[in-house]
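Predicted model and sequence below, questions to follow.
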Amino acid sequence: MKKSAAKIISLLLLLLTVFSVSACARRNADYSGTYTGRIDYTSEIGYVFAEKLQIAVSDPLYMDMTLVLGTDNTFRISADGEKFKADVITIMKNHIDDILLVMLENYGAEPDQLQDLAAENGYDDVEAFKQAMMD
């Protein structure tokens, strides 16, 4: 999470520097308005999966950002956290079989014991067990 905060702060500082330099060059320039962009978290999600689960993931992951600059030199920066969360869940769903294998190893079970593990947890079949994990 520290990398995320650092990226957002870096983006904000870069934008403020650009607008400050531009404002010096053109005193009467009006840069107020809404600016949108995205921060690429593809390498971060890949790193988390590789470090924590030993799973190679290269799915793209972006956080949509909005910067609103006011005419009174105020600003507001926001991120679409719900979309980001949904995208992370989608990546997890895309790799559910790999995640299950890691969980089985950590549980001390073999892949052919997945049906038994699902039954022990009250599921009729492996697919219902996977779906419950994704939900």
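Received the coordinates, thanks.

What is the neighbour count of the closest residue to residue 109 other than its chain neighbours?
Excluding the flanking residues, the one nearest residue 109 by Cβ to Cβ, 6 or more residues apart in numbering is residue 117, at 6.0 Å. Any C-beta I mention is one placed from the backbone N, CA and C, and that applies to glycine too. Neighbours of residue 117 under the rule other Cβ atoms under 10 Å: 17.

can you list contacts of the helix or strand residue 117 falls within?
Using DSSP states H and E, residue 117 falls within helix 114-120. With contacts defined as Cβ atoms under 8 Å, 6 or more residues apart in numbering, helix 114-120 is touched by 100, 104, 107, 109, 124-126, 128-129.

Counting neighbours, which of the residues you listed comes out on top?
Result: residue 129 is most packed of the contacts of helix 114-120 (other Cβ under 10 Å), 20 neighbours.

unless I'm mixing things up, that one is touching residue 122, no?
No. Here residue 129 lies out of contact with residue 122, judged by Cβ atoms under 8 Å, at a distance of 9.1 Å.

coming back round to it: which other helices and strands contact the following helix or strand past the helix holding residue 117?
For helix 114-120, the following helix or strand on the C-terminal side (DSSP H and E) is helix 126-134. Judged by 3 or more Cβ pairs under 8 Å, 6 or more residues apart in numbering; DSSP states H and E, the packing partners of helix 126-134 are helix 81-94, helix 96-107, helix 114-120.
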